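Novice: dropping a prediction and its sequence here:
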Amino acid sequence: MNTQETLCSQEPTFLPLESEDGPLLQAIYDRTPRLEDLFETVGAADAQSTYMALPEGLSFDNKYLVGAWVDGELAGAADVITSYPTPENATCGLLLIDVGQRGKGVGTALLAHVEEVVRQRGARTLTMLVQCRNILGGEFLSRRRYAQVDDNLGRVIPYRKPLI
Ligand SMILES: CC(C)(COP(=O)(O)OP(=O)(O)OC[C@H]1O[C@@H](n2cnc3c(N)ncnc32)[C@H](O)[C@@H]1OP(=O)(O)O)[C@@H](O)C(=O)NCCC(=O)NCCS
């Protein structure tokens, strides 16, 4: 295999997660050290909760749960809600890459994909919810032009970026 083929084979593709993908998402959670420090507020400790998580008053039309696939394997996932907390904002409570797949650009590509999808659905800003103990996650977002906002969400720090 030449270098070009190697790069192409590692390019992630993005597909909404179906219910039958639940065990794959659960396996990523199970492999993630200190998962409770990353996503305790979204019920991400079990995949079934992630599929069901939805703010009160919104429908599943507002939810986009997407997987990043690399070479046919689920490498990570993101869960974003449009029109929340305002009609022009989208909020992402889960951006997680499998531990063995980190550092290869998948997280950056998945974030860019989510930004584009919610922008097409009418969002003007994207808010990423980060647990205050997740220092590396906050730094990852800061380097991608997300700024902390002072919404009082307890132990969750919102990072927000304009999309247009
Ligand atoms: C943050 C995260 C999504 C990045 O995914 P990724 O596929 O490794 O990201 P990329 O390969 O595109 O870029 C690697 C970047 O992530 C940073 N990073 C943060 N934690 C990391 C980790 N545990 N392993 C590798 N890189 C990590 C690297 O320093 C690097 O930063 P830089 O490119 O700004 O210098 C991933 O590490 C992850 O799932 N972390 C746990 C959950 C989380 O913090 N989510 C984001 C906040 S909601």
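Specialist: On my side now, so go ahead.

Novice: quick one: mean pLDDT for stretch 135-152?
Specialist: Predicted confidence along stretch 135-152 averages 93 (mean pLDDT).

Novice: residues in contact with Ile81?
Specialist: By C-beta atoms under 8 Å, 6 or more residues apart in numbering, the residues touching Ile81 are 54-55, 58, 62-64, 90-93. C-beta coordinates here come from the backbone N, C-alpha and C atoms, glycine included.

Novice: what's the helix or strand for the closest residue to the ligand within the chain?
Specialist: With C-beta to the nearest ligand atom as the measure, the residue in the chain that lies nearest the ligand is Gly107; the distance is 2.1 Å. Gly107 belongs to helix 106-120 when elements are defined using DSSP states H and E.

Novice: contacts for that helix next, please.
Specialist: Under the contact criterion C-beta under 8 Å, 6+ apart, helix 106-120 has outside partners 12, 14, 64, 66, 68, 70, 75-78, 80, 82, 90, 92, 95, 97, 126, 140, 144, 161, 163-164.

Novice: of these, buried ones?
Specialist: Taking 16 or more other C-beta atoms under 10 Å as the criterion, what is buried in these is 12, 14, 64, 66, 68, 70, 75-78, 80, 82, 90, 92, 95, 97, 126, 140, 163.

Novice: re the thing from before, tell me how many other residues crowd the residue of the chain closest to the ligand.
Specialist: The local packing count at Gly107 equals 22, with neighbours defined by other C-beta atoms under 10 Å.

Novice: and the gap between it and Leu54?
Specialist: From Gly107 across to Leu54, the span is 24 Å (C-beta to C-beta, to the nearest Å).

Novice: where in this protein is pLDDT low?
Specialist: In the predicted model, the chain carries pLDDT under 70 at residues 1-9, 40-45.

Novice: quick one, strands of it?
Specialist: Defined through DSSP state E, the strands belonging to the chain, from first to last, are 13-16, 63-70, 73-81, 89-97, 125-131, 147-148, 156-162.

Novice: rewinding a little: of the contacts of Ile81, closest to Gly103?
Specialist: For Gly103, the nearest member of the contacts of Ile81 is Cys92. The distance, counting by C-beta to C-beta, is 20.5 Å.
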